[in-house]
Each structure stands twice: as C-alpha cells, then as structure tokens.
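> Below are the sequence and a predicted model; questions follow.
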Amino acid sequence: MLGEGFDFLAIIRIGVDIAIVWYVLYKLMMVIRGTKAIQLLKGIVVIIVVWAFSILFNLQTIQWITNQALLWGFLSIIILFQPELRRALEQLGRGSLFYRGGKSEEEVIEQTIESIVTSCTYMAKRRIGALITIELETGTGEYAETGISIDADLTHQLLTNIFTPNTPLHDGAVIIKDNKIVAAACYLPLSESTTISKDLGTRHRAAMGISEVTDALTVVVSEETGAMSCAKNGEMQRELDEERLAHILKQNLLQIVKTPETNLMNWRGKKNG
C-alpha cells in the first residue's frame, strides 16, 4: 500500500525532466564529437577531479587554483566553445538537432563507402592522383581549415571531379566526414618516419603523417602507378584492389569488429586475402 505522501505525478515529472536534460546533453555531445571541444571537456573533467582531491586532502594552494579555474570556467567555455555552440544553435534553428533523416546511419555509411570505392577505382584505372582522408573519432578540423571549404554531399562524381588534373582543387587532400566532403585542397602533415619506402611520394607521406596524429583513415591513389593504398595508425596497406579497399572501409566505418585485437588483425589482414 502506498503512503499518503507518495505523489505519482511528481515522480513522472521528475523522470521526464531528467530524461529531457540527458537527451539534450547527448545531442550536444554528438554535435561536438570529433572536435577540439571534446578534448577541452576532458580537461575540465580533470580540473574537477583535481579540485575534489584538493578538498579531500586539504591541499589549499591547489584548491585555490582550481577554484579560480572553475570560477571563470563558464566564461571560458563560451569563448573556447564558440564555434560548437554556434553550430548547435544553427542546427536547433533548422530543427536538425533532434531530427534524424530517413536513412539509417548504416545506409549512409554504405553510400559513403560505395562513392569512395567507385571514385578511387575510376581514378586508379586512369592514373589520377588522389588523397582522401576520412575522419573517424579524432577531429580533423584544423587540417580542413587549410583547404577550401566544400560542405557538399559526397558523390563519386564530385569526388572524381575534384582530383581531375589541372583543376583548381586537385592538389591536396579531400577531407570527408559523415558522408560530406568538408574541404578540398587541404594540407596534411608529412610523416618523418624513416621506415617509409623511398619509392613513395608526397601523397603517401601525407597519408602516413595524418595517420600518425589522428585515427583518420586515408586513401591514396598513386598518380605514377595507379595503385590504391590505405593508411591508418601509422601503418599503410599498399596495392589494394577494389574488393580489399571496400573491406577496409567497411571494417573502419561500420565498426563491425568489437575488440581492438580483432580490429588490428582485420586492418593488417592477409596480403593475399
């Protein structure tokens, strides 16, 4: 038997209130995921943990420093997260912050894979050089800013046209995120590794360079040989055919593999597989 003080409607209101807040926070996290803002959030969490320890162990100097950091934290968040906050407000105004399109995430990724494979196969046969970086978890915004903003839906026709020789955007890398061509003619950091084969050119060194500082997957089409390669986590697979390229893209974009060990095995794969 329920007590007289039990208010069922009040509990429902509290539950709905908490659910809405958590949902809004989740959507905001999705907006800033993969950007530098997520790294700043991790820094804020570290400050809070240090502040809690300083109180627990009565570390007055550290406590004063962390108090000052938290005191001015809200103003710092507004300044540092300004691009992400603006993007979230823009999405809210368009109604896209809480709306999901008709296609599932898996269908969108399959479309991305098909466009990249079709374009790279076409360019490989005609020996058109290409450098395509696909953002995964780590943000690539700072590298996208070095190029020309595109912000267009990914299609194999557009991707191929960008790398067509003697066009304004063909030199440099294309950065792709969420089935969107974010930017073209981007500059990527060149790897300084001494283990890279001497017969590899600037495109391959750039692919290795971006793979050493982010978790992005980069596809290279050689202008000299027409060979397709993939670089990730400081490793490169060369001489890929259409089937193997599609397999690597699926393993990384669809995230079929559940464990890091299996993912590493599937990434390296069998050379003749």
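Structure's in. What do you need? Every value quoted in this text rests on a predicted model; they were computed, and no experiment measured them. Residues are numbered from 1 along each chain as shown.
> Residue 171 and residue 187, how far apart?
10 Å (Cβ to Cβ, to the nearest Å). To be clear about C-beta, it is placed using only N, CA and C from the backbone, and glycine gets the same treatment.
> where in the stretch 151-273 of the chain is pLDDT low?
For the stretch 151-273 of the chain, the stretches with pLDDT under 70 are 255-273.
> how about the strands in the stretch 151-273 of the chain?
Assigned by DSSP state E, counting those that start in this stretch, the strands in the stretch 151-273 of the chain fall at 173-177, 180-186, 217-221, 228-232, 235-240.
> In CSV: these, plus mean neighbour count.
Compiled in CSV, the strands of the stretch 151-273 of the chain are given as follows (neighbours: other Cβ atoms under 10 Å):
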stretch, mean neighbour count
strand 173-177, 25
strand 180-186, 21
strand 217-221, 26
strand 228-232, 24
strand 235-240, 16
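> Export these as CSV, with columns for distance to residue 249.
Output for the strands of the stretch 151-273 of the chain, formatted as CSV (distance: least, Cβ to Cβ, whole Å):
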stretch, distance to residue 249
strand 173-177, 11
strand 180-186, 16
strand 217-221, 7
strand 228-232, 8
strand 235-240, 10
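> Of all those strands, which one is nearest residue 129?
Closest to residue 129 of those is strand 217-221 (Cβ to Cβ; 6.0 Å).
> so what secondary structure elements neighbour the lengthiest helix in the chain?
In the chain, with assignment by DSSP state H, the single longest helix is helix 8-32. Helix 8-32 sits against helix 36-56, helix 82-94, with contacts defined as 3 or more Cβ pairs under 8 Å, 6 or more residues apart in numbering; DSSP states H and E.
> Worst mean pLDDT among the ones you listed?
Mean pLDDT per stretch puts helix 82-94 lowest among the helices and strands packed on helix 8-32, at a mean of 64.
> any idea of the angle the helix or strand following that one forms with strand 228-232?
Beyond helix 82-94 on the C-terminal side, the first helix or strand identified by DSSP states H and E is helix 105-125. Angle between the axes of helix 105-125 and strand 228-232 is 130 degrees (criterion: axes from the mean of the first three to the mean of the last three Cα atoms, to 10 degrees).
> Give the buried residues for helix 105-125.
Of all the residues in helix 105-125, those buried under the rule 16 or more other Cβ atoms under 10 Å are 109-110, 112-113, 115-124.
> Okay, buried residues for the very next helix or strand once past it please.
Sequence order places strand 130-134 as the next helix or strand after helix 105-125, per DSSP H and E. Neighbour-count burial for strand 130-134, counted by 16+ other Cβ under 10 Å, picks out 130, 131, 132, 133, 134.
> The fourth one contacts residue 174, correct?
Yes - with contact defined as Cβ atoms under 8 Å, residue 133 reaches residue 174; the gap is 7.0 Å.
> How about residues contacting stretch 111-131?
103, 132, 134, 154-157, 159-160, 163-165, 170, 172-174, 176, 179, 188, 203, 206-207, 218-228, 242, 245-246, 249-250, 253 (Cβ atoms under 8 Å, 6 or more residues apart in numbering).
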